[in-house]
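1. Need the 3D shape of this:
(chains A and B)
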2 protein chains.
Amino acid sequence: MTAVTVLRLNHRKERDKRITIHVALVARAFGAKGMVYSGEQDDKLEESVAGVSEAWGGRFSCEHVKEPFRFARRFKGTRVHLTFYGMPLSEVVAKGAGKAGGKGVLVIVGGAKVPREFYNISEYNVSVTGQPHSEVAALAVFLHEFLGRSEERLNFPGWKMRINPSNGKKLVERKPRRKEHGRKDAGGRKK
Amino acid sequence: MTAVTVLRLNHRKERDKRITIHVALVARAFGAKGMVYSGEQDDKLEESVAGVSEAWGGRFSCEHVKEPFRFARRFKGTRVHLTFYGMPLSEVVAKGAGKAGGKGVLVIVGGAKVPREFYNISEYNVSVTGQPHSEVAALAVFLHEFLGRSEERLNFPGWKMRINPSNGKKLVERKPRRKEHGRKDAGGRKK
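-> Have a look, this model is predicted:
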């Protein structure tokens, strides 16, 4: 599966605390391998995300980056900027943007006032619906389509808890095991 | 198109202000006809949602409800509860839950600690991914699949602003017109 990294721009600790953690958890649940974020560095955010991976498995990374434009510019793969202003998602997916090859995809998730330069360096500016709604939702629907609606089949190695699908509540917990052989993680790599 | 109403449970004015507005805007952008919410009544939330419809069109409603369980119980159509614990979305969509007929669908979006009774009265408890993430994302992906990925084709009559799809920024504004004849709104009804 294409390796996806999410770049969340301009995090503000107090105002964005819940939104940015939703962005991170959506990235993880829908198959990205990690999130980098700019704006204010936030220990609590990083600990919350690490706590989820610790319990639910996988090796999703969450790191602060000081110079997001430089990070995006140096990225070797395809840059996709999710924006209110952009091409319809269906067109971008039909164009085969998902087949970005081995260099991976950087999904740039803005907020208010994304500098023009991010539009310019992105191979794709993509709009999910063309209506005002939510960067959390846009990221989820984008990854859902971009990665071929594969999120239900992802594996999260090292999980301590998981849900058994049912029409009620079924939570499974397990003790940590010493080793796990040959299981694949969300990125499809061997452990 | 199936008429969808979203029921957002237990809104807390201060803590949930941004999340609940994201839920409402996602509901609108992905084709629901309105949202009702329980918990704290919130004028600001209602005004924000009304402001978006005023500018971007459509007649999405947003109303407070005091007794959400009673509201859900009395609902005549199909109840779908989005929960971390539930059947995989793909299975529910494959079962044709979308063909709910003329009585519409109530999508129940919880938060922390949804009372058991909401699980019990729902025809479907649906999990989007089975991993912890975001009710905003779950609602978006659910509506995207449930309504046949139709969100890009929705009309929002009476819009004053809309985006023209492009690989950059293109915003269209128009003066209000006196009348609009025969255009269809998001719910497919004549004006």
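
2. going forward, measure contacts and count neighbours with C-alpha atoms only.
-> OK.

3. Surely A:Thr83 and A:Tyr124 touch.
-> No - shown here, A:Thr83 and A:Tyr124 do not form a contact pair, counting by CA atoms under 8 Å, at 9.9 Å.

4. So the closest residue to A:Ser134 other than its chain neighbours versus A:His22, what's the distance?
-> Nearest non-adjacent residue to A:Ser134, counting by CA to CA, 6 or more residues apart in numbering or on different chains: B:His22, 5.4 Å away. Counting by CA to CA, to the nearest Å, the gap from B:His22 to A:His22 is 11 Å.

5. what's the answer for A:Gly58, then?
-> Distance from A:Gly58 to A:His22, by CA to CA: 17 Å.

6. what's the answer for A:Ile121, then?
-> Distance from A:Ile121 to A:His22, by CA to CA: 26 Å.

7. ditto for A:Trp56
-> For A:Trp56, the distance to A:His22 - CA to CA - is 15 Å.

8. And the two? Which one has more around it.
-> A:His22 (23 against 20; other CA atoms under 10 Å in any protein chain shown).

9. Give me the packing partners of the helix or strand hosting that one, helices and strands only.
-> Under the criterion of DSSP states H and E, A:His22 resides in helix A:17-29. Under the contact criterion of 3 or more CA pairs under 8 Å, 6 or more residues apart in numbering or on different chains; DSSP states H and E, helix A:17-29 touches strand A:4-11, strand A:34-39, helix A:43-56, helix A:135-146, helix B:17-29.

10. Kindly format the C-alpha coordinates of the longest one as PDB.
-> It stands for helix A:43-56. Provided in PDB are the C-alpha atoms of helix A:43-56 (Å, rounded to 0.1, in the frame of the first residue of the first chain):
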ATOM      1  CA  ASP A  43       3.500  17.100  24.300                       C
ATOM      2  CA  LYS A  44      -0.100  16.200  25.300                       C
ATOM      3  CA  LEU A  45      -1.100  15.700  21.700                       C
ATOM      4  CA  GLU A  46       1.900  13.400  21.100                       C
ATOM      5  CA  GLU A  47       1.300  11.500  24.300                       C
ATOM      6  CA  SER A  48      -2.400  11.000  23.400                       C
ATOM      7  CA  VAL A  49      -1.500   9.600  20.000                       C
ATOM      8  CA  ALA A  50       1.200   7.400  21.400                       C
ATOM      9  CA  GLY A  51      -1.300   6.100  24.000                       C
ATOM     10  CA  VAL A  52      -3.700   5.000  21.300                       C
ATOM     11  CA  SER A  53      -1.000   3.200  19.300                       C
ATOM     12  CA  GLU A  54       0.200   1.500  22.500                       C
ATOM     13  CA  ALA A  55      -3.300   0.200  23.300                       C
ATOM     14  CA  TRP A  56      -4.600  -0.400  19.800                       C
END
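
11. Give the buried residues for it.
-> Of the residues in helix A:43-56, A:Leu45, A:Glu46, A:Val49, A:Ala50, A:Val52, A:Ser53, A:Glu54, A:Trp56 count as buried by neighbour count, 16 or more other CA atoms under 10 Å in any protein chain shown.

12. Off-centre distance for the longest strand seen in chain A?
-> With DSSP state E setting the assignment, residue counts place strand A:78-88 as the longest strand in chain A. Averaging C-alpha positions (CA atoms, centre = their mean, to the nearest Å) puts strand A:78-88 15 Å from its chain's average.

13. and after it, which helix or strand comes next?
-> Defined by DSSP H and E, the subsequent element after strand A:78-88 is helix A:89-94.

14. Need the residues that contact that following helix.
-> Counting by CA atoms under 8 Å, 6 or more residues apart in numbering or on different chains, helix A:89-94 makes contact with A:Tyr124, A:Val126, A:Ser127, A:Val128, A:Thr129, A:Phe142, A:Glu145, A:Phe146, all of which sit outside it.

15. Kindly recompute the last result at 6 Å.
-> A:Val126, A:Ser127, A:Val128 (CA atoms under 6 Å, 6 or more residues apart in numbering or on different chains).

16. got those as CSV, with neighbour count columns?
-> CSV is the format used below for the contacts of helix A:89-94 (neighbours: other CA atoms under 10 Å in any protein chain shown):
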residue, neighbour count
A:Val126, 30
A:Ser127, 26
A:Val128, 28
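
17. restrict those to contacts with chain B.
-> Among those, proximity to chain B is found for none (CA under 6 Å from any CA of the partner chain).
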